[in-house]
Structures are given as structure tokens and as C-alpha cells.
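In: quick one, what's the 3D model for this:
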Amino acid sequence: MEKIDYCGEIKNVKELIGQKVKIWHNGGIYSSLNGSDNIKWPNDEIKKTAGKEYWNGYEPQIGDIGEIVFVSKSKYNEIIYILKIRDKYVPIKCSYIVSPESLDVNEAHQKRWDEIYAYGEHDCNFKKFGFNDIWNRAGIAEIDKISETFACDLKTKGIDTLMLVKRISDNGSSPYEKQYVLWKKNGQGLLKTFENNTNHKPTQTEPEKFNWDDLISFYEQNNVSLETKKPESIVSHFTNLVLQFYNGSDYYTFGMQLICKEEDERLINVQFIRLIDNKLK
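Out: Here you go, the predicted model:
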């Protein structure tokens, strides 16, 4: 069946009358439009009852299925549909309805998160979203997927000293973001860097030699993984540093805003993040 553009040029409105549609999002419902003459109404009775004061407490919800009874244009040139949901008449803007088999906003949101969680199934921890309750953005942005796949491939090949560091500053496309994979192979430290270009597309460098024994030593000597207290953030817009680290059979993950309270600088976790941040700048 051809997908209908409910906001497009409708050649035959009569064909739409009686069709079922789903409320994609309830933000486009005009619950008091019946108190105006901003649209042409099919008749006085529907105009009178197509408003919240006649719905007897009913509130149109995302996912509700209704029947199209009328299509009109407002004086602002918006296409408005009058739906009959149960015995209620509901005016709604065209961009807020979809065909019944399409996903509404809640279903689309759930599907997206199901995909994110499924992305990390049966794979290494780098791909598991929110592992150990740390927000790591796994499986969300393209730059995440590329760095996570590279790190997991190394893990699959038997590399057991392996670190993924994410410098997160927005939704994953900003050129300010960088991600790093550090690993040890035959005693040699290596580094690969991932970042977004000015077109907001992820790029990656070739692996290079990189000595990060000091990070491993700090982790081991200070029992970093035993620290349980988290620093308190003091800003709402921030850059996060998120760390995931395999050290042999040990796995450690931690993330924090790079601006925190001064007294939290004493925390071993914070000191470890600072050491990593400074080394990778």
C-alpha cells in the first residue's frame, strides 16, 4: 500500500473519509478549536462537540486510533483532520497522524532503545549500553559504533589489556568529540584515535605506538576499581570522559563530567580520569 502523506497535496479527500489513522503524537491536538471559525466544519453538531468540554474527561492519547470524518484547512493554511475516536470528535494537525500500522512516537522510542540494547548482546562490554550503570552511549552515535567495534574486535583477537576512552561533548556528531582505543600487543602500547570531521562524519587514524604504562600502573597501584564514590557535577552543559578498561580478567568502567567539585578531586576515580585526560590531550 502506498504511504499517504497526510500533509501533502490530497487529490481526493473523499477517499480519506472513513479511513483509520493513529495519533503519532498528541502535541498537535486542538482541544479548543471548536470555539472558533479558523477552519471549515462539516456541520454545527461536530463543531460544537469537537472540544475538550464535550469529551467528558477523555484526553486523546498517543497511539489512539481514530476514523477520519473531515479534512479542512485553517486560515494559517494548516491541514486539520477531524477524527472520530470512540464517540469523540478530535481536531488534529496533519503532521501528528500516521497510518495505523506505523509506529507512534512511543513505539518508535521503544524500538530505538530495543535496538541499542540488542546491539550489545553476546558481544564484549564495550558495546553494552550503560554497563555497570555508567552512561557510555554505546551503540548510539556513529563514532561510538566505529570505536566500539574496533575495540571489541581487538578483544576477540585475544588482546586483554585494552582501554576505550570517549570524550563526549554533544550528541555524537560534533568535531569536538574524540574517542581513543589504547591497547597492548606483545608488550607494545598502541593508540588509535576517532574523531568527527567538520562535516560531522567520523574519521579514524592509523594505529601508532603509544606508551600508556603509567595509566596501567596507576590503576593497579591505587586499586582504582575499588573506589565507589562518584564526584558531584556542578554544571548542566558539559564534556564527559567515559572510560572502559580491560586489564587482563579485570573490567572497569567509569564516567564523569570534567568539571566537578574541588573536594572530589581527591577521589581515586577522578585522579585516574585526570591522568587519562591529560595524557590524551
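
In: might one say that residue 156 is in contact with residue 126?
Out: No - Residue 156 lies out of contact with residue 126 (CB atoms under 8 Å); the separation is 10.9 Å. Where C-beta positions appear, they are placed from N, C-alpha and C, glycine not excepted.

In: more neighbours, these two?
Out: Shown here are residue 156 and residue 126; by other CB atoms under 10 Å, residue 126 has more neighbours (28 against 10).

In: how near is that one to residue 43?
Out: 62 Å (CB to CB, to the nearest Å).

In: for residue 69, same thing?
Out: In this view, residue 69 and residue 43 are 10 Å apart by CB to CB.

In: settle it for me: which of those two has more neighbours?
Out: The neighbour comparison of residue 69 against residue 43 (other CB under 10 Å) goes to residue 69, with 17 against 8.

In: where's the spatially closest residue to residue 175 that is not a sequence neighbour relative to residue 76, distance?
Out: Of all residues not flanking residue 175 in the chain, residue 196 sits nearest, at 4.9 Å (CB to CB, 6 or more residues apart in numbering). The spacing between residue 196 and residue 76, counted by CB to CB, is 39 Å.

In: ok, these two, which is more surrounded?
Out: Neighbours were counted for residue 196 and for residue 76 using other CB under 10 Å; residue 196 has more, 21 against 8.

In: can you check the pLDDT for residue 135?
Out: Residue 135 is assigned 87 on the pLDDT scale.

In: and it, how many neighbours?
Out: Residues near residue 135, counting by other CB under 10 Å: 12.

In: now for the closest residue to it other than its chain neighbours: which residues touch it?
Out: Nearest residue to residue 135, sequence neighbours excluded (CB to CB, 6+ apart): residue 255, at 6.1 Å. Listed by CB atoms under 8 Å, 6 or more residues apart in numbering, the contact set of residue 255 reads 134-136, 240-243.

In: host element of residue 255?
Out: Taking DSSP states H and E as the definition, residue 255 sits inside strand 250-257.

In: I am finished for the moment; much appreciated.
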